[in-house]
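Asks: Okay, sequence plus prediction incoming.
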Amino acid sequence: MSIKLGFTKSIAFAVALLSLNMTVQAGAVYDYIKTNNELMIATDANWAPYSYINDAGEMEGFDVDVGREIAKRMGVEARFITPSWDIITSGNWNMRWDVSVGSMTPTETRSEVLNFPAVYYYTPAGFAVHIDSPVTTLAGLNGKNICTTAASTWEMYLEGSLDMIDAPAFTYKVTPGTITSLADGHTCLDDTRLGAGVRNDGIIDSIPMIQGAIEDGYPIRFLGDPAFFEPLSVATDKGNDDPELDAEIVRIIADMNKDYTLTMLSMKWFKNADGSSNDYTVAF
Amino acid sequence: MFVDTVIEDKSLHKPAFLLGLSIAVLAFFFTFNFTDTIFGEFLSPVIGNPEESGFFGRLVVSFVLAIIFVLNLLLISFAKLKIQILIVWIELFFLFLAFAYSFDLELAYIFIGEPSKIWLMISKGLFTTIYISAVSIAIATAIAIVGAIAKLSNNGFAYAIASFYTSLFRGLPLLLQIYLIYMGLPQLGFMIDAIPSGIAALSLCYGAYMTEIFRAGIQSIPKGQWEASRALGFKFGLILRKIILPQSIPIIVPPTGNQFIAMLKDSSLVSVLGIWELMFMAKKIGSKDFNNLEMLLTAAMIYWALTIILEIIQARIERKYQQKA
Amino acid sequence: MTMNTKSGNPVISLKGVSKWYGDFQALKDINLTINLKEKIVICGPSGSGKSTLIRCLNRLEAHQEGEIHVSGIELHETMKDVDIVRRDIGMVFQNFNLFPHLTVLENCMAGPNWVRGIDKDEAKERAVAMLKQVKIPEQADKYPDQLSGGQQQRVAIARSLCMQPKVMLFDEPTSALDPEMVSEVLDTMVELANSGMTMICVTHEMGFARQVADRIIFMADGEIVEQNTPDEFFNNPQSDRTKTFLDQILI
């Protein structure tokens, strides 16, 4: 016997199939995590000291430790996946992964597609230039070519469109002439290394990241004070809204703050050149 | 290529040409001042401190380099063809190494650590690259056969679908296809992970190119083969399988080999989906220690080696079919 | 017109068959009956429709009007079992059309093995026998392009015979051959004729026609102009066109 569906019936059938896949009941993501005994965490693989591939070929860093701790407190295993940053920030994860623990700053724009249940630390962003650069003040970068990561808060800052949520107050101190946005912010550093004004006149990035580059012998120096402090949050997918998961994350981050786990992780990963450590769990 | 039986004098052995070449090479080396390179140091007994040698030093260095270059050419020109090819290959390879060396990189970085960085790339990245490419190539071949048959059929639906498919997937950048499949399909309710997305995009894109190759291969078989088969009462599928495709293979293999090689390298595009393949590892492993270029260079050499292996396999297959024909 | 046909057992019949290539009419109202064991030679100037006619008999070409019956089965465009008819009609082409990627033996085994469902051993036995019949058993393991043109055409004949056809069609089988190879192919065809095969040959080899044909058909401009026994055809041609043609071909 063959099944014959009329045109309208087939359409209705297809729509039913699709909606079956798309509508996820409240609590579904967290149930899924529990059932699979696995928290899938999206994070960057190129962001020392936050998250990067270590010498053994495994993920490591501040965000990775925070992610592991969250999974541990949920009572499940942590698994990291490393899509490119613009894919994470564009939302619609479709349960490919459950949370982003990747130092993401909550902004109005991002909150259209993502939820930001809990800020877990703050990090300063700052400018840096080649050591031979004639520029000595932040104002000196006005009208110059500044390089940064595409779809990042630093790019928004350069564009004057940084719409952070719950962030410490800040002012736009630099109005660049050209913004060079690269998919991998690391390439900016390599460009700066070539000399002042060769491919860019300066970069904006997170200060610990620039600090790492300087310690590794990059011929660059900080310029001025931190441009702004950004809150960094765990993110979940708005397309698969799950209040239960968000509530669980809020609880766990609060606990991690209370028992100083976050402080200890911050001190472990954010060290200065003189060996002293930074506690970035509070905004300056 | 057709080789004429009349051999002209080698232009390198004509004094006028040799002189002209020498002057041109001298001018080249003089223009791109090589005084402050290793060559200048080497000649310091003659020109003194390279940095202070000025016009004289520059002239001497470029003169010596030009002589070495032209002498080298001249000597090679007396060798047998195979020796010539070998020597030029080796020389170009060392030039490439010198080029890479001049980046002032910390090449030892590639080999330090336990496991070493290069082993990390091979063990974690290379396998994924080969796996993705191999699966995509297999699927693309299957698509290409079906697509070619559809394009050659007189069934309106089949032709329309196949030509729309080849037009679309040859018309979009591969990177865009990767994003469309990875981010677009889930919107339609088809959840698809990173690796399947990458494989789907590569298969569909290369399937479209290969459809055209297969179509041309099938079309190049004389009509008489179809007629003889039809006259014997063979059915369409049998004719295609037993008569037409076996004869098309020698025609299809060379361009298909090129597609395989191209796909192997294009598989690096799926790194945007966070798949830990060769390109991804190259970009990420070195970044922690700010040794990006070292790892990129390593990846370059691995891709190159893979390509050479594929080229050898392709040449073998071609030779096999040439012997049979 | 009186016809000296082998009476009574028609294997192929055409009734009012016409065919067009676009506006050009290649066949005009062809009526023809061919009996079992009959040997027909079709001749005529180039473009007269003779090749088209025999290619219609196994439906390598489609006719647009009229009826063609082969062994009682009508050929038409929606028939699904045209392959069954084709298996019973062997065809030899001007350009041999051997399968170049298969050996001589494999060429001969292909039909029986792949479409008649005969097992390999038996197909091989039959192929060897047929190659013996066309007098080239020693070439069995070579590939077609290692053979001369005459040898290739004989393999093509053997390949068709392996299907044990009721009728053999020859479409200018010697036109592509070097002159010294024509006779070896014709000899094979004569032997086949003597064995009692029903044969329809498009050819300009008038010696062959005289020797084996029961009937010679002369075509021009898509029409059958004249058909007769060889004696009558050569000695007493009816139409002026036939006379002109014979004058040109039998210098």
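Replies: Perfect, I can see it now. A quick note: this is a predicted structure, and the numbers were derived from the prediction, not measured.
Asks: use CA for all of it now, contacts and neighbours both
Replies: Fine.
Asks: State the distance from the residue nearest to A:Gly143 when sequence neighbours are not counted to A:Gly160.
Replies: The shortest distance from A:Gly143 to any non-neighbouring residue, by C-alpha to C-alpha, 6 or more residues apart in numbering or on different chains, is to A:Gly177 (3.6 Å). Distance, A:Gly177 to A:Gly160, using C-alpha to C-alpha, to the nearest Å: 12 Å.
Asks: again, but for C:Met168
Replies: From C:Met168 over to A:Gly160 (counting by C-alpha to C-alpha), the distance is 87 Å.
Asks: more crowded one of these two?
Replies: C:Met168 (23 against 15; other C-alpha atoms under 10 Å in any protein chain shown).
Asks: Can you report phi and psi for the nearest residue to C:Ile84 once chain neighbours are set aside?
Replies: Excluding its sequence neighbours, the residue lying closest to C:Ile84 (C-alpha to C-alpha, 6+ apart) is B:Gly233, at 6.6 Å. Here is the backbone geometry of B:Gly233 (degrees, to the nearest 10): phi 90, psi 20.
Asks: can you pull the contacts of B:Gly233?
Replies: With contacts defined as C-alpha atoms under 8 Å, 6 or more residues apart in numbering or on different chains, B:Gly233 is in contact with C:Val82, C:Asp83, C:Ile84, C:Val85, C:Arg86, C:Arg87, C:Gly111, C:Val115.
Asks: go on, A:Ile249?
Replies: So A:Ile249 contacts A:Ile70, A:Pro117, A:Ala118, A:Val234 (C-alpha under 8 Å, 6+ apart).
Asks: Give the buried residues for the lowest-mean-pLDDT helix or strand in chain C.
Replies: One helix or strand of chain C scores below all others by mean pLDDT, DSSP states H and E: helix C:82-88, with a mean of 87. Across helix C:82-88, burial judged by 16 or more other C-alpha atoms under 10 Å in any protein chain shown covers C:Val82, C:Asp83, C:Val85, C:Arg86, C:Arg87, C:Asp88.
Asks: Go ahead and name everything in contact with stretch C:21-38.
Replies: Looking at what lies outside stretch C:21-38 - C-alpha under 8 Å, 6+ apart - the contacts are C:5-20, C:48-49, C:52-53, C:66, C:196-199, C:213-214, C:221-224.
Asks: show me what contacts the closest residue to chain B within chain C?
Replies: Closest residue of chain C to chain B, C-alpha to the nearest C-alpha: C:Asp83 (4.4 Å). With contact set as C-alpha under 8 Å, 6+ apart, C:Asp83 has these partners: B:Arg230, B:Leu232, B:Gly233, B:Phe234, B:Lys235.
Asks: And for B:Gln314?
Replies: B:Val253, B:Pro254, B:Gly257.
Asks: Against which helices or strands is the host helix or strand of the last one packed?
Replies: Using DSSP states H and E, B:Gly257 falls within helix B:245-266. Applying 3 or more C-alpha pairs under 8 Å, 6 or more residues apart in numbering or on different chains; DSSP states H and E, one finds that helix B:245-266 makes contact with helix B:127-152, helix B:194-219, helix B:292-324.
Asks: what comes up buried for the last one?
Replies: The reference is to helix B:292-324. B:292-300, B:302-303, B:306-307, B:310-311, B:314, B:317-318.
Asks: Residue 156 in helix, strand or coil?
Replies: This is for chain A. helix (DSSP: H, G, I helix; E, B strand; the rest coil).
Asks: Sorry, I should have been clearer: chain C.
Replies: Going by three-state DSSP: C:Ala156 is helix.
Asks: How about it: what's its closest non-neighbour residue?
Replies: Distance criterion C-alpha to C-alpha, 6+ apart; nearest residue to C:Ala156, sequence neighbours excluded, is C:Phe96 at 5.9 Å.
Asks: how many neighbours does that neighbour have?
Replies: For C:Phe96, using other C-alpha under 10 Å, the count is 25.
Asks: The chain: helices as residue ranges?
Replies: Went with chain A since none was named. A:7-22, A:28-36, A:62-74, A:85-89, A:153-159, A:185-193, A:207-215, A:243-258, A:261-269 (DSSP state H).
Asks: meant chain C actually
Replies: C:50-57, C:82-88, C:104-114, C:120-133, C:149-161, C:179-194, C:206-212, C:230-235, C:240-249.
Asks: B:Ala160 versus the residue in the stretch 51-200 of chain B that chain C sits nearest to, what's the distance?
Replies: Nearest to chain C in the stretch 51-200 of chain B, going by C-alpha to the nearest C-alpha, is B:Asn154, at a distance of 14.8 Å. Going from B:Asn154 to B:Ala160 by C-alpha to C-alpha gives 10 Å.
Asks: and if you look at A:Gly185?
Replies: Distance from A:Gly185 to B:Ala160, by C-alpha to C-alpha: 44 Å.
Asks: Run through the chain and note the low-pLDDT ranges.
Replies: All of this is about chain A. A:1-26, A:284 (pLDDT under 70).
Asks: nope, chain C please
Replies: Residue ranges of chain C with pLDDT under 70: C:1-8, C:251.
Asks: can you do 50?
Replies: C:1-5 (pLDDT under 50).
Asks: tell me which parts of it are close to chain B?
Replies: C:58, C:60, C:82-87, C:89-91, C:93, C:95, C:97-101, C:111, C:114-115, C:160, C:163 (C-alpha under 8 Å from any C-alpha of the partner chain).
Asks: what's the domain layout of chain B?
Replies: Following automatic domain parsing, one gets these domains for chain B: B:11-102, B:117-324.
Asks: Quote the end-to-end distance of the first one.
Replies: In other words, domain B:11-102. Start-to-end, domain B:11-102 (C-alpha to C-alpha) is 33 Å.
Asks: What separation is there between whatever residue of the stretch 51-200 of chain A ends up closest to chain C and chain B?
Replies: Closest residue of the stretch 51-200 of chain A to chain C, C-alpha to the nearest C-alpha: A:Pro83 (49.5 Å). As judged by C-alpha to the nearest C-alpha, to the nearest Å, A:Pro83 and chain B stand 4 Å apart.
Asks: residues near that residue, how many?
Replies: Neighbour tally, A:Pro83, other C-alpha under 10 Å: 19.
Asks: cool, C:Ile200 as well?
Replies: Neighbour tally, C:Ile200, other C-alpha under 10 Å: 23.
Asks: list the contacts for the nearest residue to C:Leu131 once chain neighbours are set aside?
Replies: Distances taken as C-alpha to C-alpha, 6+ apart place C:Pro137 nearest to C:Leu131, at 4.8 Å, with adjacent residues excluded. By C-alpha under 8 Å, 6+ apart, C:Pro137 lies in contact with C:Val128, C:Ala129, C:Leu131.
Asks: in chain B, what residue is nearest chain C?
Replies: B:Gly233 (4.4 Å).
Asks: quick one: low-confidence ranges for the stretch 201-325 of chain B?
Replies: Looking at the stretch 201-325 of chain B by pLDDT under 50, you get an empty list.
Asks: If we use 90, what do you get?
Replies: Scanning the stretch 201-325 of chain B for pLDDT under 90 picks out the ranges B:236-237, B:249-250, B:253-254, B:272-274, B:281-298, B:317-325.
Asks: Which residue, other than its chain neighbours, is closest to the residue of it found nearest chain A?
Replies: Relative to chain A, the nearest point of the stretch 201-325 of chain B is B:Gly274 (3.8 Å; C-alpha to the nearest C-alpha). The shortest distance from B:Gly274 to any non-neighbouring residue, by C-alpha to C-alpha, 6+ apart, is to A:Pro83 (3.8 Å).
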